[in-house]
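In: Next come a sequence and a model predicted from it.
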Amino acid sequence: MSLKVLIIRFSSIGDIVLTTPVVRCLKQQLGAEVHFLTKKGFRGILDANPYIAKVYTIQAKIGEIAEELKKEKYDWVIDLHHNLRSLQVKRLLRRPSRSFNKINLQKWLMVNFKWNLLPDRHIVHRYLETTKHLGIQYDGQGLDYFIPAAQEVSLGSIAAVGELSPVQRTMLQKGDYVALVIGAAHATKRLPLAKLVAICQGINCPVLLLGGPDDRNVGEQIADQAGAHVLNTCGQYSLHQSASLVRQSRLVITHDTGLMHIAAALRKPIVSVWGSTIPEFGMTPFYPEGMDHNTSVEVKNLSCRPCSKIGYAACPKGHFSCMANIDLQKITSIAELSAAEKIS
């Protein structure tokens, strides 16, 4: 009889995508029946995952799902969120459990004193440590992201709108475009509008702006200022549909956000732009072993950086040097190189 395992990760998009190696390895190496507990708004990320047998969700409180979870009689609870709410679940179920190390002390020391005691380990490997006692070993296959067939986007439908030239329209239909992810949960993880416009102006191919409804207005401003080769799709597509546009692109330029991890799961070349957070926190784009298509762009040696482990609504110092001084030429030159590689 196979193990029945409950994995807990309530949020957010990127963090949930980063748990997928744990899900896959439990299923493939042990034949486990894997259940997943998350917030209702993130269910869609998991429903298409063939390694997950059942997804449970809550809107706000564990009580919403308590009785159903108790009936499952899990063999193990793997807590990949490790907060008060996940503690409630473990106390409720009274089943054997393991929780991942959030390294909050090391992050606090780095943010407040710039003492770098951070482990040189990606969060994916720290997630996997919670299953070591079950004999699970990382399989080297990277992240998973599954796009339902009905959510795939036809590039022809996008090329038919906007003011693209005939050449640009053909390029877009062939997937010869750059996907630029303009959003992020916190403002100090996002490039200023003028920088995003400059990046678009320095790219000689169609650019699709990706983001949610909250990014729509900024996307419109970028498209208006940067040129007709820039199309704003922010707020027009679901997460899966945006992932489809990422999958079909030649290059993804992105802040430290959920679509960055989805792009890595889809094995796309990435330029990741870092502001108030740092790659050393262990959440860089994660690829299969032997593959690294990410270039991290950041302003190093700033005495104020990192100022937070997650970000702020505004720069605490007022100067926003971590984004104001980003090397835009490096970003656009990588876009040009990706074009040359595609042609060759």
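Out: Arrived safely, thanks for sending.
In: would residue 272 count as being in a strand?
Out: Yes. Remark: residue 272 belongs to a strand, assigned using DSSP: H, G, I helix; E, B strand; the rest coil.
In: I figured it was touching residue 292, is that so?
Out: No. In this structure residue 272 lies outside contact range of residue 292 using C-beta atoms under 8 Å: 11.6 Å. Just so you know, the C-beta spots here come from the backbone N, C-alpha and C atoms, and that holds for glycine as well.
In: All the strands of the chain, residue numbers only.
Out: Under the criterion DSSP state E, the chain carries strands at the ranges 4-8, 33-39, 54-58, 76-79, 97-99, 178-181, 207-210, 230-232, 251-255, 270-273, 294-297.
In: Specify which residue of residue 272 and residue 292 has the higher count of neighbours.
Out: Between residue 272 and residue 292, counted using other C-beta atoms under 10 Å, residue 272 has the larger neighbour count: 24 against 14.
In: Nearest spatial neighbour of the more buried one, chain-adjacent residues omitted?
Out: Of all residues not flanking residue 272 in the chain, residue 296 sits nearest, at 5.1 Å (C-beta to C-beta, 6 or more residues apart in numbering).
In: Identify the residues contacting the one you found.
Out: By C-beta atoms under 8 Å, 6 or more residues apart in numbering, residue 296 lies in contact with 272, 274, 279, 284.
In: got CSV for those, with distance to residue 100 and pLDDT too?
Out: Conversion of the contacts of residue 296 to CSV gives the following (distance: C-beta to C-beta, whole Å; pLDDT from 0 to 100):
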residue, distance to residue 100, pLDDT
272, 23, 97
274, 23, 97
279, 19, 96
284, 17, 97
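In: List only those of these flagged as buried.
Out: For those, a burial check counting by 16 or more other C-beta atoms under 10 Å picks out 272, 274, 284.
In: in the chain, which segments are predicted with low confidence?
Out: 1, 339-344 (pLDDT under 70).
In: Quickly list the domain ranges of it.
Out: Structural domains assigned to the chain are 4-134, 155-343, following automatic domain parsing.
In: picking that back up, tabulate the buried ones among the contacts of residue 296 (CSV), appending distance to residue 58.
Out: Shown next, in CSV, are the buried ones among the contacts of residue 296 (distance: C-beta to C-beta, whole Å):
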residue, distance to residue 58
272, 31
274, 32
284, 30
